[in-house]
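[1] sequence unknown, structure follows:
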């Protein structure tokens, strides 16, 4: 998906992609991170004013300003809390209908903002995730969104933003059992996720149809170099790297196969595929659907690459038992192995195998979580 994070179901629970008749619009929804941010803003406002804003509006990373109705509100001693029911729109997200509650408490001066995992929100216990071990499973963008709203409110009232924010999701522990969280070492509940705040419905047919139409338009405009990316972070990095116009950007998401097969029949001179290390590892394995419910990474692929022969036995064992692809990247980088470059080359071979004799020249760009290019196979 286009840089949208979800509670991915182990057995497709996330997971059964929604299909509607062609031409039927799909309704967007909101991430758990957006709901947590709105609940935090409402609770902090009430803690200072004794009044809950309802609905409460927030600013999303791309500037949208949605408003959320409160499902719960109240005071508990020196704390205030507010809850919002997550609406995932027409997307089959397992957290649809869950209530995201923020409880806020003032802290002593100089404490800063502290995030706490409440009931139903997981805690990170393994390395390789964007949050440190021992921290609540509240991802970086939701943390940044909540921090921005807290700081704005604090500034408006002339106080320091010293606040404890506890995020809870009643029933979250049960919901998490149908996600990848236990396998990833996130224990006790779900994760608070989202990079844009918006959940875009996951319709396989509709998404692939939009890929085809994007290619058609680009070809009609005479563009000779297209870019398909798994998300907005890698897309931006690759667009800048190749100096491509917006019209060359194809919203590939997880559907590498849909992009490659259509280009085989409707070629352009050059294609760039860009994505993070994990997604590009899946492509390197030969997967053409990169979604978590359709393909998983087998760590043995890293040990089969030519660059891995210099690994010590202890490092080989660490790679084989690593929790995530990012953990593998960290291990092999520490060992002086350019594993991202090997992944890029293998992903390029997969893409070339699908494109076959179409005449399309393909290159692969691999980025890290911050959008820095860590490998380029051309």
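    Done, it's in. All values reported here derive from a predicted model rather than from experimental measurement. Numbering: from 1, shown residues only.
[2] Which parts of the stretch 151-300 of the chain are strands?
    Listed in chain order, the strands of the stretch 151-300 of the chain (DSSP state E, counting those that start in this stretch) span 163-168, 186-187, 189-190, 198-199, 225-229, 249-250, 270-276.
[3] Would you mind listing where the stretch 201-350 of the chain has pLDDT under the threshold?
    Within the stretch 201-350 of the chain, the segments meeting pLDDT under 70 span 201-203, 205-206, 293.
[4] circling back to that earlier point, for the strands of the stretch 151-300 of the chain, give me a markdown table that also has distance to residue 208.
    For the C-beta atoms, the positions are set from N, CA and C on the backbone; glycine is no exception. Supplementary listing: these in a markdown table, determined by distance: least, CB to CB, whole Å:
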| stretch | distance to residue 208 |
| --- | --- |
| strand 163-168 | 35 |
| strand 186-187 | 31 |
| strand 189-190 | 29 |
| strand 198-199 | 19 |
| strand 225-229 | 12 |
| strand 249-250 | 11 |
| strand 270-276 | 16 |
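[5] just these: most buried one?
    Among the strands of the stretch 151-300 of the chain, ranked by average contacts under mean count of other CB atoms under 10 Å, first place goes to strand 189-190 (a mean of 28).
[6] Distance from the chain centre to stretch 227-237, please.
    Centre-to-centre, stretch 227-237 and its host chain are 12 Å apart (CA atoms, centre = their mean, to the nearest Å).
[7] per-residue confidence for residue 370?
    Per-residue pLDDT puts residue 370 at 89.
[8] For it, which non-adjacent residue is closest in space?
    The shortest distance from residue 370 to any non-neighbouring residue, by CB to CB, 6 or more residues apart in numbering, is to residue 233 (7.6 Å).
[9] Verify the stated contact: the one you found with residue 371.
    Yes. Here residue 233 lies in contact with residue 371, judged by CB atoms under 8 Å, at a distance of 4.6 Å.
[10] check contacts around the residue nearest to residue 370.
    3, 195, 276, 367, 369, 370, 371 (CB atoms under 8 Å, 6 or more residues apart in numbering).
[11] CSV please, covering those residues and showing distance to residue 207 and secondary structure.
    Converted to CSV, those look like this (distance: CB to CB, whole Å; DSSP: H, G, I helix; E, B strand; the rest coil):
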residue, distance to residue 207, secondary structure
3, 14, coil
195, 17, coil
276, 19, strand
367, 21, strand
369, 23, coil
370, 26, coil
371, 23, coil
